[in-house]
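>>> Pasting the sequence and the predicted model now:
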Amino acid sequence: MKRETQGSDRRPSLASLSLPLGKRSRLWRLLYGHGPANGTLMVLPLDQGLEHGPTDFFPNPDALDTDFQFNLAIEGKYSAIALGIGLAEKYMADYCGRIPLILKLNGKTNIPSDDEAVSPLSASVEDAVRLGADAVGYTLYVGSPRQDQEILQYQHVRRECERLGMPIVMWAYPRGKAIEEKGGKGTLFAQDYAARVAEEMGADIVKLHEPTEDNDRSPEPYRSLEEDAPARIRRVVRSAGRVMVLFSGGVKQDDDARVLSQVKRYMDCGATGVMFGRNMWLRPFETAVALSREVREIMAGYPR
Amino acid sequence: MKRETQGSDRRPSLASLSLPLGKRSRLWRLLYGHGPANGTLMVLPLDQGLEHGPTDFFPNPDALDTDFQFNLAIEGKYSAIALGIGLAEKYMADYCGRIPLILKLNGKTNIPSDDEAVSPLSASVEDAVRLGADAVGYTLYVGSPRQDQEILQYQHVRRECERLGMPIVMWAYPRGKAIEEKGGKGTLFAQDYAARVAEEMGADIVKLHEPTEDNDRSPEPYRSLEEDAPARIRRVVRSAGRVMVLFSGGVKQDDDARVLSQVKRYMDCGATGVMFGRNMWLRPFETAVALSREVREIMAGYPR
Amino acid sequence: MKRETQGSDRRPSLASLSLPLGKRSRLWRLLYGHGPANGTLMVLPLDQGLEHGPTDFFPNPDALDTDFQFNLAIEGKYSAIALGIGLAEKYMADYCGRIPLILKLNGKTNIPSDDEAVSPLSASVEDAVRLGADAVGYTLYVGSPRQDQEILQYQHVRRECERLGMPIVMWAYPRGKAIEEKGGKGTLFAQDYAARVAEEMGADIVKLHEPTEDNDRSPEPYRSLEEDAPARIRRVVRSAGRVMVLFSGGVKQDDDARVLSQVKRYMDCGATGVMFGRNMWLRPFETAVALSREVREIMAGYPR
Amino acid sequence: MKRETQGSDRRPSLASLSLPLGKRSRLWRLLYGHGPANGTLMVLPLDQGLEHGPTDFFPNPDALDTDFQFNLAIEGKYSAIALGIGLAEKYMADYCGRIPLILKLNGKTNIPSDDEAVSPLSASVEDAVRLGADAVGYTLYVGSPRQDQEILQYQHVRRECERLGMPIVMWAYPRGKAIEEKGGKGTLFAQDYAARVAEEMGADIVKLHEPTEDNDRSPEPYRSLEEDAPARIRRVVRSAGRVMVLFSGGVKQDDDARVLSQVKRYMDCGATGVMFGRNMWLRPFETAVALSREVREIMAGYPR
Amino acid sequence: MKRETQGSDRRPSLASLSLPLGKRSRLWRLLYGHGPANGTLMVLPLDQGLEHGPTDFFPNPDALDTDFQFNLAIEGKYSAIALGIGLAEKYMADYCGRIPLILKLNGKTNIPSDDEAVSPLSASVEDAVRLGADAVGYTLYVGSPRQDQEILQYQHVRRECERLGMPIVMWAYPRGKAIEEKGGKGTLFAQDYAARVAEEMGADIVKLHEPTEDNDRSPEPYRSLEEDAPARIRRVVRSAGRVMVLFSGGVKQDDDARVLSQVKRYMDCGATGVMFGRNMWLRPFETAVALSREVREIMAGYPR
């Protein structure tokens, strides 16, 4: 099928995008100045301490010290590290110049229910500029019953980004009781909608999860759709249009080979890169560096 | 009856309206500078990706690429294309000058219930100016239990439009559990009220749906009213007063002839034009261009 | 009783009020520059299209065209016409100079329940200045469960009016489930409280309804009060203190004589004037002009 | 006991307080420039028309005319009159210079339930400056479920007062369903907490009610406390720390002697003064003036 | 185990932190200019009067006079006193220069339920600057269902602190019905999450409670964790990363030896200091001064 073979060609290239100068130069730094430096992206995220609490660090207590992630990002030659204001202000000074920063602007704990999830700002676009960041990260809970609050808050951020030439990486996360009633946050229906929302809202880069099959609660036509994993990935990449797609790694997998085949699958299907956190920093340091190198080698095969 | 024959004469003409210069010159561009260029309007909307998700594109996957709609708008000689900030920023640069832009300022997903619907801003009137738009689009959920929030937000937009000379196209959509209890969003009662609200709120152009018959839940005098479709259309056009009325096409119809007779009916009854999305861009490109040409030929018969 | 005979003397006179210059000169225009021009007021309101929808116009479809009301206000020699931003911007240019404008700043549809009624702003005091209005109209839902929102919003309007020298006409309307539990919005208890709230909140003119008898749900001492209609009217006029009182006409009455005796009763009991909408513009044009002339003749008997 | 005899010594003196100049000079005017002029305070409040409606005036209809209270405040030689923006703007011009003004900034009707009471602003500190007021009055509903809204709003007022040198008289009123569950708004527990909140929030003067005994719903240690009325009063005065305490008179009492013994009890126990409204202005004018003189004579015995 | 012995080494030192100059010099004053003056902290808090009401002072009525705490802070040679705007403005002038001030910016009463706790601002960072404070205190209710409101409000405070060079001491308090369902506010799970949130949110110093064992309602892996008290303390200190940890004293304990062993345990496990209120000021003055001296002697053993 035409669409399937098109997969990896769908990837937007920086050259083809119409962007204001500030955004363009910052994106260039992420795409060509660091990491694989061939138009692909490998981002190391560290927002789990806020989103999930210290629980996530139990498998590798060394990772509780943010120096661990900074060192991994530098030695593993990542495109950028993504974290919030508290960590950025306390650690970035020790590493600046060596690894680009994506300042995550909003977040919350997972203590209360996600039924009506909303992700409040804990930093501003001006903070990002002040800290020398090359992009901001923003979580949008797609389809939350409080989406009006989410979208309004996002609008302010987007306008600040416009004013200051700052690229936006959107964590487009379906969330809340309404999406649960329609099949859950991981389905193709949910991820596909999220991809489109990212484009409609003016994101530059979107972080998505690999979509799972739909189920009985999913709306049509998704419920009846029978597509394999690559077809599903291609579909969401396409729905993201001119927004570059990063796929998340989700919970930690022990099998390195599966992680690498995951990366290859994403890149084959048109992703611009990956944002793997726990699958990297929950490994011992040297192992994580080694795995990062293997990911980077895959990336090398997808220049743009 | 006097009122019926008056139908098409009720259409407001740009010349007769008292408007500030910025609004007047932008409206002139829409009414006389593009499209039928005779005081009628053919607008191609593309807000469905946000409002309904990628679902709407399944019948014609080519339409997922926004280039499809831009090319259709240009080759189909539309008066304008209407879309949101993300699509405008990513695609408009490739087509600017060739097709006027109506920047849709607010929107939401349809994942949560519409019982207390509210449509948050995702762009500003200043964004519209910056992008060279000739009008802004704004959805007002008429009669929503949260109408106070809707109207207040709209007020800020209206004042910005006043300040910047920007015309407002209002998607006046009855919505929410209260309207459902009073007969539903599509009835003459609902559409007639929406038309008047658009005038009371200071819209320049209003997008409505062709009103259906009222039912047992509709309030009097609508419940007992027995009017045929043209009479219903004339009624809402009249309730819109000096606001120009565009009718939407709703879900896709396969029968071209029915689409065309719909257009003719609207124009006969005083509409200023149509805003057909899915009925256009869910057709194969050449078919859609051809149908657009036929619509334009109908329009040619209603100069003003 | 002393209080009863005092009734009509209670009417505040412009000369005796301590007012900033802008308010004074605008009020002078309403009280002495137009209409009866003897210190009384005849206001023609047209906010029903927003508040009740086109329903209200069914008995006289001609009234759907706002030109009808403007012509009636001018030929009927009213003191002012009161309407919202959309109608003011679209029609005022054709009539300016010939009839003073009271710009109604807030309003809502009656589609959702009034249990927790709140009336959002759809225009600003600066809009009123820009449009050359001589006063603003503001609806305050007295005793609504959301009165905190209502009062806060009003406070901003009041301060703008202070800053810009703009008189405030308050539609002081008891509304919401709490007032229903205490006897309903039309009782003397409710109207008397509303009159006092208007004075406490700094209105210049208040629009009230003729109070009905209290009932079993009304609080004491109102529940046990036995007063005739004139005594009830005098009571609310007195509770309004130095705020001028206009009485509304309510739903249309067919009997002209009753309308006129109503006007006489209000003026005898200390009202400054009337704000009759449907009782005027639901009549055929010439009939409405004639009835307006008769009202004006009554007004002539109450100079101040 | 040491604490009991200390009662009246606890009264803060203006000389001992560290205050910015504007606050100090305005407080001097209240404490030494008017009324008893010996460091005690007699304030005549008139916010009942808003808080309770015209109901409160039935026993003395003359009091419906605000001139009554102004004349009483002047002839009764009060320290100040306390009322809201509407009454201040309409009547103050006739009496200015002769009686200091405490502008009450917030208020509400008692039509809806007080379960989640909140008191919205209807005037600003700048209004108070503009009208020449010597203090502002602010109602804080201590312990209301919406205390977050109450405290935030208060914070803005407090900062404006800081900026403009305006003293704050806090009506510290326990209110809402939570305080009802803990014994009610009048208990020592409730009034004692309110007194402390006034100090913690930076009030200059606090208006409290004479605390009643606690009951079975009161929390410990209050529930088990057995103190007589003077001990309870001394306790709340002490909890108010360096905030001057005024006690309210509550509903009207017919027995003058009881009113006077109440005043004496408050002053003996450390109060700075009283704020009696209905107990004054519901009496015939001459009687009210006479009673005021007797109160002032008591005050004369408590110079500071 | 390596981690256990590391405990006390984890303490962040001022020298190693990358801080803007204003923050650095103010923190220096707290850490080296007052109190133990060796890089440890002893803070005397007095926010209980607002948070709990006068109830807390019953065991020692002398403590109702804020002079008591100021004198204790000075004679007990504390690093700082922490209290709200009302107390700071009324008492600080008498003691300024002799004891640093931490201005507590937010707070609430405990009268309504804590199920959806939120702590509103009652003062601003600019107030802190104006009053010469060396830090601000901010309560964040970690995991409250209204965390979005809490975090947004905090963000504004953090940015003001950034702008004005003001250190932030965060009272990181797990609170609300969701944390109760997950084991309660005192567990290691809750305190550990709170410690991490403080770092993620950019606090400079965090106040925590000594964590208790988890229980059946706690999430894994905490539920199954079997660690002794020192291990639990070390864990939360580690989760706080580069944020200095102060432990609170909680309710008053009569046994001095237990208080002192508590202090020693905290310092052994990496705390930077303590913030004991009721355990100090509920003792008779001389006893409290003596106990404070003993605490200071322990502190002397942990220079940094």
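Ah, there it is. Values in this document were obtained by computation on a predicted structure and should not be read as measured data.
>>> going forward, measure contacts between C-alpha atoms and count neighbours the same way
OK.
>>> For chain A, give the residue positioned nearest to chain C.
Nearest to chain C, among the residues of chain A, is residue A:148, at 17.9 Å (CA to the nearest CA).
>>> and that residue, what element?
Element membership of residue A:148, judged by DSSP states H and E, is helix A:147-164.
>>> Run the chain-centre distance for that helix.
18 Å (CA atoms, centre = their mean, to the nearest Å).
>>> what do you get for stretch A:237-248?
That offset, for stretch A:237-248, works out to 10 Å (CA atoms, centre = their mean).
>>> Show me what counts as buried in it.
A:237-248 (16 or more other CA atoms under 10 Å in any protein chain shown).
>>> ok, now which ones touch the residue in chain A positioned nearest to chain E?
Per CA to the nearest CA, residue A:86 is where chain A lies closest to chain E, at 3.6 Å. Applying CA atoms under 8 Å, 6 or more residues apart in numbering or on different chains, we find residue A:86 in contact with E:198-203.
>>> farthest-separated two in the residues you listed?
E:200 and E:203 (7.8 Å; CA to CA).
>>> what's the burial count for the closest residue in space to residue A:304 that isn't next to it in sequence?
Distances taken as CA to CA, 6 or more residues apart in numbering or on different chains place residue A:39 nearest to residue A:304, at 5.1 Å, with adjacent residues excluded. A count of nearby residues for residue A:39, using other CA atoms under 10 Å in any protein chain shown, gives 26.
>>> swap in residue A:228?
10.
>>> From chain D, how far out is it?
52 Å (CA to the nearest CA, to the nearest Å).
>>> what's the answer for residue A:91, then?
On the measure of CA to the nearest CA, residue A:91 and chain D end up 34 Å apart.
>>> mind listing what the following helix or strand past the helix holding residue A:148 pairs with, with the direction of each?
As assigned by DSSP H and E, the chain's next helix or strand after helix A:147-164 is strand A:168-174. In the sheet, strand A:168-174 lines up against strand A:135-142 (parallel), strand A:205-208 (parallel) (DSSP bridges).
>>> To residue D:15, which of those strands lies closest?
strand A:135-142 (54.8 Å).
>>> The closest one - what's its average pLDDT?
When pLDDT is averaged over strand A:135-142, the result is 98.
>>> about what we covered before: what's the mean pLDDT across the helix holding residue A:148?
Helix A:147-164 comes out at a mean pLDDT of 97.
>>> Kindly report the same for stretch A:103-117.
Rounded mean pLDDT across stretch A:103-117 is 97.
>>> What are the boundaries of the helices in the stretch 101-250 of chain A?
A:125-130, A:147-164, A:177-181, A:188-200, A:229-239 (DSSP state H, counting those that start in this stretch).
>>> How about the longest one and chain E, any contact?
By that I understand helix A:147-164. No: against chain E, helix A:147-164 shows no contacts by CA under 8 Å from any CA of the partner chain, the least distance being 10.5 Å.
>>> Pull the contacting residues for the residue nearest to residue A:30 when sequence neighbours are not counted.
Residue nearest to residue A:30 in three dimensions, not counting chain neighbours: residue A:79, with 5.5 Å by CA to CA, 6+ apart. Residue A:79 makes contact with A:30-31, A:33-37, A:41-43, A:99-100, according to CA under 8 Å, 6+ apart.
>>> Check what pLDDT residue A:79 gets.
pLDDT, residue A:79: 98.
>>> Repeat that for the one 4 residues further on.
Per-residue confidence for residue A:83 comes out at a pLDDT of 97.
>>> Wait, it touches residue A:107, no?
No: contact between residue A:83 and residue A:107 fails when scored by CA atoms under 8 Å: they sit 10.3 Å apart.
>>> Common neighbours of these two, please.
Common neighbours of residue A:83 and residue A:107 (CA under 8 Å, 6+ apart) are residue A:47.
>>> can you give me phi and psi for the closest residue to chain D within the stretch 51-200 of chain A?
Nearest residue of the stretch 51-200 of chain A to chain D: residue A:120, at 17.9 Å (CA to the nearest CA). Backbone torsions for residue A:120, taken as degrees, to the nearest 10, come to phi -80, psi 150.
>>> From residue E:141, how far off is it?
Note on residue A:120: its distance to residue E:141, by CA to CA, to the nearest Å, is 14 Å.
>>> Tell me who's in contact with the residue nearest to residue A:220 when sequence neighbours are not counted.
Of all residues not flanking residue A:220 in the chain, residue B:55 sits nearest, at 8.0 Å (CA to CA, 6+ apart). The neighbours of residue B:55, taking CA under 8 Å, 6+ apart as the test, are A:220-222, B:49.
>>> 10 Å instead?
Contact analysis of residue B:55 by CA atoms under 10 Å, 6 or more residues apart in numbering or on different chains lists A:189, A:192-193, A:219-222, B:48-49, B:61.
>>> Return the closest of the residues you listed with respect to residue C:136.
residue B:48 (39.6 Å).
>>> Please report how far that closest one lies from residue A:160.
For residue B:48, the distance to residue A:160 - CA to CA - is 26 Å.
>>> which residues touch the residue nearest the centre of chain A?
By CA atoms, centre = their mean, chain A has its centre lying nearest to residue A:207, at 3.0 Å. With contact taken as CA under 10 Å, 6+ apart, residue A:207 is in contact with A:137-139, A:169-173, A:194-195, A:198, A:243-248, A:273-275.
>>> And the pLDDT for it?
98.
>>> Any part of the helix holding residue A:148 near chain B?
Yes: remark: helix A:147-164 sits within contact range of chain B at A:147-156, A:158-159, A:162, by CA under 10 Å from any CA of the partner chain.
>>> mind putting these in JSON lines, neighbour count and distance to residue D:262 included?
Formatted as JSON lines, these follow (neighbours: other CA atoms under 10 Å in any protein chain shown; distance: CA to CA, whole Å):
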{"residue": "A:147", "neighbour count": "25", "distance to residue D:262": "57"}
{"residue": "A:148", "neighbour count": "22", "distance to residue D:262": "55"}
{"residue": "A:149", "neighbour count": "18", "distance to residue D:262": "53"}
{"residue": "A:150", "neighbour count": "21", "distance to residue D:262": "56"}
{"residue": "A:151", "neighbour count": "24", "distance to residue D:262": "58"}
{"residue": "A:152", "neighbour count": "17", "distance to residue D:262": "56"}
{"residue": "A:153", "neighbour count": "18", "distance to residue D:262": "55"}
{"residue": "A:154", "neighbour count": "23", "distance to residue D:262": "59"}
{"residue": "A:155", "neighbour count": "19", "distance to residue D:262": "59"}
{"residue": "A:156", "neighbour count": "17", "distance to residue D:262": "57"}
{"residue": "A:158", "neighbour count": "23", "distance to residue D:262": "63"}
{"residue": "A:159", "neighbour count": "18", "distance to residue D:262": "62"}
{"residue": "A:162", "neighbour count": "16", "distance to residue D:262": "66"}
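>>> Quick check: of those residues, which lies closest to residue E:298?
For the residues of helix A:147-164 next to chain B, the nearest to residue E:298 is residue A:153 (48.5 Å; CA to CA).
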